[in-house]
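Peer 1: quick check, what structure comes out for this input:
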Amino acid sequence: MWIYFDTYYQLGPEDLFYKSGFLKGRIKIMDIREIVPGKTRHVGLKPALARQGLIVKYNRFDEIYLAPEHNEELIADLRQINDSIVIKK
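Peer 2: I've put the predicted structure just below:
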């Protein structure tokens with residue numbers, strides 16, 4: 001039950017922080033190259049509780065699945081910092 005109360009994302013000036021249970025980390029926003037909204041991953045790093053979230057692709061081969069409360073708001077906030085992020089629908 002504690003995972004439901006301990007899952008969140010936080011946007012800093014240079015980093016996107018995530019925490020879900022024992023999974024935690026940060027991604028440099030300038031390293032994010034692509035976001036695929038409205039998809040669900042069944043394998044891989046998935047600090048999320050919901051479906052229809054975001055697959056965030058960063059660095060050369062890294063991916064993470066996030067499910068913020070409002071996908072479009074997080075995308076807009078990330079693109080304000082890194083306008084080269086490609087949104088793949």
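
Peer 1: show me what the longest strand out of those in the chain is packed up against.
Peer 2: The longest strand of the chain (DSSP state E) is strand 32-39. Here strand 32-39 touches strand 53-58, helix 71-81, strand 86-87, going by 3 or more CB pairs under 8 Å, 6 or more residues apart in numbering; DSSP states H and E. C-beta coordinates here come from the backbone N, C-alpha and C atoms, glycine included.

Peer 1: quick one: that strand to strand 53-58, angle?
Peer 2: Counting by axes from the mean of the first three to the mean of the last three CA atoms, to 10 degrees, strand 32-39 points 160 degrees away from the direction of strand 53-58.

Peer 1: buried residues, strand 32-39. List them.
Peer 2: Ile32, Ile35, Val36, Pro37 (16 or more other CB atoms under 10 Å).

Peer 1: and stretch 56-65, by the same measure?
Peer 2: Val56, Lys57, Tyr58, Ile64, Tyr65.
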